[in-house]
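**Student:** Fold the following and give me the result.
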Amino acid sequence: MKWSRVWFVFLLSTAAFPAQNSSASTDSEPHENIRTVAADFIATQARQTHDARFEIHVTPGQLDSRLRLRACEAGLEAFASPGSRMAGNTTVGVRCLGPVTWTLYVPVHVEVRGEVVVLAHAQPRGTVLAASQLRLEPHDVGALSAGYLVDLEEARDMVLRRALQGGTVLTPQMVEPPRLVQRGQRVQLLAENESVAVRVEGEALADGARGDQVRVRNLSSQRIVEGVVLSHGVVGVTM
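**Tutor:** Numbers count the residues shown, from 1 in each chain. Reported below is the predicted structural model:
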């Protein structure tokens with residue numbers, strides 16, 4: 001892995017000293033200590049962020065060999081740098097707690113690898129996805145900036161928003177829930193409580209997937225009510 005440069009900030013000018021200093025080999029903080037603290041911190045953060053089914057591998061970048069920092073007697077502390085990411089290339093802040101304080105930003109690469117949902121074969125827009133059209137495939141999700149799906153059951157019965165080629169990693173933006181109610185469709189308005197259930201015929205005034213709120217005209221009273229899509233052609237309303 002190549003890193004173009006390392007950004008670092010010293011809080012005290014005495015925290016660093018020239019490489020030619022004769023005491024540098026014994027009084028400087030080993031680079032490996034700094035890299036290890038950074039890698040352990042981001043690995044823990046990434047495991048808390050990503051699904052347990054994903055494997056986390058962290059590779060810290062090399063520090064400039066000319067860099068010498070005072071040995072940290074009080075211990076090193078890592079922290080998330082501004083704009084840090086939990087996958088791909090990012091940076092981790094490492095600071096010395098004393099007695100001489102300094103702060104350094106270490107480049108790291110976080111590989112998050114696991115199985116994501118992939119379209120098995122090319123499909124046209126509007127396809128209702130079946131299990132046979134989907135498969136799981138391992139990927140480094142750090143490269144999947146648009147997102148991804150990890151559950152075959154979650155993807156099954158979803159509808160493609162556009163035509164896609166086989167092998168495409170499905171993202172949440174590529175699919176949508178099936179419309180169980182369509183505008184202008186005759187639907188059943190269902191109002192129920194613990195003791196009674198009432199059904200009347202209505203006309204949907206908007207499309208809706210399961211759980212969506214839609215407006216429906218009661219064809220008996222001509223009143224417009226709002227309800228929740230329960231299933232194909234059924235909208236639940238409050239009694």
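**Student:** and stretch 147-163, how far out from the chain's middle?
**Tutor:** 16 Å (CA atoms, centre = their mean, to the nearest Å).
**Student:** got the CA positions of that stretch in CSV?
**Tutor:** Taking Å, rounded to 0.1, in the frame of the first residue of the first chain, the C-alpha atoms of stretch 147-163 are listed here in CSV:
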residue,chain,number,x,y,z
GLY,A,147,-24.4,0.9,-0.2
TYR,A,148,-25.3,-2.7,-0.4
LEU,A,149,-27.7,-5.4,0.8
VAL,A,150,-26.7,-8.4,2.9
ASP,A,151,-29.9,-10.4,3.3
LEU,A,152,-31.3,-12.5,0.5
GLU,A,153,-34.7,-12.6,2.2
GLU,A,154,-34.7,-8.8,2.4
ALA,A,155,-34.1,-8.5,-1.3
ARG,A,156,-36.5,-11.2,-2.4
ASP,A,157,-39.8,-9.8,-3.8
MET,A,158,-38.3,-6.3,-4.2
VAL,A,159,-38.8,-4.5,-7.5
LEU,A,160,-36.0,-3.3,-9.7
ARG,A,161,-36.1,0.5,-10.3
ARG,A,162,-34.1,0.1,-13.5
ALA,A,163,-32.6,-2.5,-15.8
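**Student:** In that stretch, which residues are buried?
**Tutor:** Under the neighbour-count criterion of 16 or more other CB atoms under 10 Å, stretch 147-163 has 148, 149, 150, 155, 158, 159, 160 buried. In this view, the C-beta of every residue, glycine as well, is placed from N, C-alpha and C.
**Student:** which residue sits closest to the residue nearest the centre of the chain in space, ignoring its chain neighbours?
**Tutor:** Residue closest to the average C-alpha location in the chain (CA atoms, centre = their mean): residue 147, at 6.4 Å. Nearest residue to residue 147 in three dimensions, chain neighbours excluded: residue 171, at 4.6 Å (CB to CB, 6 or more residues apart in numbering).
**Student:** Go ahead and confirm the one you found touches residue 145.
**Tutor:** No. Counting by CB atoms under 8 Å, residue 171 stays clear of residue 145, with 9.5 Å between them.
**Student:** Look at the two and report which has more neighbours.
**Tutor:** residue 171 (15 against 11; other CB atoms under 10 Å).
**Student:** coming back round to it: for residue 48, see how far away the residue nearest to the centre of the chain is.
**Tutor:** Separation of residue 147 from residue 48 (CB to CB, to the nearest Å) stands at 19 Å.
**Student:** And for residue 41?
**Tutor:** Separation of residue 41 from residue 48 (CB to CB): 11 Å.
**Student:** Tell me which of those two has more neighbours.
**Tutor:** residue 41 (21 against 8).
**Student:** For the more buried one, what is the enclosing helix or strand?
**Tutor:** Taking DSSP states H and E as the definition, residue 41 sits inside helix 31-49.
**Student:** And this structure, what are its domain boundaries?
**Tutor:** Domain segmentation of the chain under automatic domain parsing yields 8-112, 113-176, 179-237.
**Student:** is it possible to export the ones you listed to JSON lines including mean pLDDT?
**Tutor:** Formatted as JSON lines, the domains of the chain follow (pLDDT from 0 to 100):
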{"stretch": "domain 8-112", "mean pLDDT": "85"}
{"stretch": "domain 113-176", "mean pLDDT": "94"}
{"stretch": "domain 179-237", "mean pLDDT": "92"}
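**Student:** so what's residue 184 up against?
**Tutor:** Listed by CB atoms under 8 Å, 6 or more residues apart in numbering, the contact set of residue 184 reads 203, 204.
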